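# sequence plus the predicted model coming up.
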Amino acid sequence: LSQQNSKKLIMAETSFTCALLSGASAGAFVDIALFPIDTLKTRLQSSQGFFKAGGFKGIYSGLSAAALGSAPGASLFFSTYETMKAPAKRLTKSDVLSQQLAAGVGECVACLVRVPTEVVKQNMQAGNYGSMSETTSSLLKQEGVMGFYR
């Protein structure tokens, strides 16, 4: 491929729907596949200690929260990223800077969904609560909406 053709391939437009569905499936697949490792990491970091936080038992505690949040979070990232590439390119006049700007905006938007689901998931992984509804209602009652963004 010539340099000009490879640039066209890199900057090729992806439809909003394609980015949305691709992001959702990729996000869900990765989060579910790596969930047991993430649970062990969370428990190792727990102030309760690894075994009090659950040890090797209930390795899938919190999977419901992760699965519920991963698809929307990844969808938001990829659809925002794809939507922002062209305006960012017009603004920066640079392929590299426009990609960085679009990715940064995409990540900020995705975090609106990703952070609350991470807070719920980690509380469940650490054994603080038994279910997603218990975790959500307890956090909301104790800390309000901002408790999901700590």
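Arrived safely, thanks for sending.
# and the helices in this protein?
Here the chain has its helices, by DSSP state H, at 3-10, 16-33, 35-45, 63-92, 95-125, 132-143.
# which of the ones you listed sits closest to Ala53?
For Ala53, the closest of these is helix 35-45, at 4.2 Å, according to CB to CB. Where you see a C-beta, it was placed from the backbone N, CA and C, and this is true even at glycine.
# which elements pack onto that closest one?
Secondary-structure packing of helix 35-45 (3 or more CB pairs under 8 Å, 6 or more residues apart in numbering; DSSP states H and E): helix 63-92, helix 95-125.
# where does this protein dip in pLDDT?
Along the chain, the parts satisfying pLDDT under 70 run over 1-13.
# rerun that using 90 as the cut-off
Applying pLDDT under 90 to the chain flags residues 1-24, 27, 31, 61-69, 126-127, 130, 150.
# that older thread, so which of the helices of the chain gets nearest Lys57?
helix 35-45 (9.9 Å).
# in JSON lines, list the helices of the chain along with mean neighbour count and distance to Ala53.
Shown next, in JSON lines, are those (neighbours: other CB atoms under 10 Å; distance: least, CB to CB, whole Å):
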{"stretch": "helix 3-10", "mean neighbour count": "9", "distance to Ala53": "44"}
{"stretch": "helix 16-33", "mean neighbour count": "16", "distance to Ala53": "20"}
{"stretch": "helix 35-45", "mean neighbour count": "17", "distance to Ala53": "4"}
{"stretch": "helix 63-92", "mean neighbour count": "20", "distance to Ala53": "16"}
{"stretch": "helix 95-125", "mean neighbour count": "19", "distance to Ala53": "8"}
{"stretch": "helix 132-143", "mean neighbour count": "14", "distance to Ala53": "14"}
